[in-house]
Every structure is written in structure tokens, then in C-alpha cells.
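Participant: next come a sequence and a model predicted from it.
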Amino acid sequence: MKKAGWLLLAVLAAVLLGLGLRGCRGNVSEELGYEAKPVIYLYPEEKTEVSVKLYYDGGLTATWPAYEDGWNVTACPDGTLFDAQGNEYSYLFWEGVSDTTYDFTEGFCVAGEDTAAFLRQTLAQLGLTPREYNEFIVYWLPKMQENTYNLIAFQGEAYTDTAKLAIEPQPDSLLRVFMAWKPLARPVTIRPQALPPFERIGFTVVEWGGAQVG
């Protein structure tokens, strides 16, 4: 075959391969859905052996410490955790993907440049401590602050029904803060969301996480 013929075949093969790869990426994206990245803090009144099981309607992509048949840790009142080998952790972490549909009937439209101040004020109002909301902000702010606007809605059953927790011993108070959000090019009008207060009583478990939608 002449050189020009081989060149034409090579170009066609490259084009077809590129189309095939793009198709694969699109299919994976549609199957995996949204991402969630929660962390779980445990605050017993005294050093306690705690078991945490996650029943997630999706696929786990990462956990720390490793999630096998649940997490089994020794928890201290300041939130420090130890596994059976004596390794120390600040919290339990998991990441997953699901096809959950989040609720944006109420929420907040926040300018990207105002996101840090909004999160600090709102997360404190929801009941997170400075340590907890600072760790939340450090994770999510870089993904949000450069957007023109962000549509933010804190989730209830849309999230908790997807990611159920079973904790032993059962906590006296449980706070699960999960933020779904969308980057926006222009502002939208949305009914403001009511944010209930949270009181820490006895053995307290606190979770925060979030998902970018769209």
C-alpha cells in the first residue's frame, strides 16, 4: 500500500479510537452519578468502643480507615479514634457515588466570593464546631469560590435515606450535615431554607459531607 494510503488509515483509526474513548467516559459518568465525601466524628463522654456501619445505596470508592464489615474503633471524648492496631484517626471517612436526586426546592444562592463567609456562618448555625466547619470549608471552598454563584441546599432524607448509619452504642445526639450544590453562571431565586439548631447531649456523633450536582 502506498504511503498516503497508510497515512489515511492511521488518521481514521485515531479518529475512531478517540470517539470510542469519549463514549466510554460518557457512559461511566452517567452510571456513577453524584459524588459524596462525608466524614464522621465520634464524641463519647468517656473512652468507648464504637461500631459504625454504613448502608449506602451506591458504590464506595474510598474509605479511611478501611471499611470492611463496618468500622470498629476506640473513641475518646475529644474525638480522637484508634483502631485495633493502635493507629490514630481524627474521624471516619468515606467516599462514594450514587444516583441520588437531591432536593433544591429550598436553599441559598451565594456569590462565589461570599462562599467562605456564608459557609462559616451557616455551618456554625447548624451546630458544627470551629474545628469541624473549618475542615469542611478547607475541603469545599477551593471548588466553589471561583464560581460566579453557587446554589446550595442542605439535605435531609434525600441524603440520609441513601446513606444510613447504624452506630453502637447508640448516640444520644446525631447531627448529619450534607450540602448539595451547583455552580451557576447567574443568580436564581430560591425559597430560603430553614436551618434547625442542634444541641449536643451525651454521646454525640457529627457528620458532614457534600456533593456537587451537575
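Facilitator: Received the coordinates, thanks. Numbers count the residues shown, from 1 in each chain.
Participant: spatially central residue in this protein, please.
Facilitator: When Cα atoms, centre = their mean is applied to the chain, the residue found nearest the centroid is K37 (2.7 Å).
Participant: got a pLDDT number for that residue?
Facilitator: According to the prediction, K37 has pLDDT 85.
Participant: next one: it from T162, what distance?
Facilitator: Distance from K37 to T162, counting by Cβ to Cβ, to the nearest Å: 14 Å. All C-beta atoms are positioned from the backbone trio N, CA, C, and that covers glycine.
Participant: same check on L141?
Facilitator: In this structure, L141 and T162 are 24 Å apart, going by Cβ to Cβ.
Participant: I201 now?
Facilitator: Counting by Cβ to Cβ, the gap from I201 to T162 is 26 Å.
Participant: and what of S98?
Facilitator: If you measure S98 against T162 using Cβ to Cβ, the figure is 6 Å.
Participant: neighbour-wise, which of I201 and T162 wins?
Facilitator: For I201 versus T162, the count of surrounding residues by other Cβ atoms under 10 Å is larger for T162: 22 against 10.
Participant: I'd say the more buried one and D57 touch.
Facilitator: Yes. T162 is in contact with D57 according to Cβ atoms under 8 Å; the separation is 4.7 Å.
Participant: joint contacts of the two?
Facilitator: Common contact partners of T162 and D57 (Cβ atoms under 8 Å, 6 or more residues apart in numbering): S98, T100.
Participant: next SSE downstream of the longest strand belonging to the chain?
Facilitator: Longest strand in the chain by number of residues (criterion: DSSP state E): strand 173-184. Sequence-wise, the next helix or strand downstream of strand 173-184 (DSSP states H and E) is strand 191-192.
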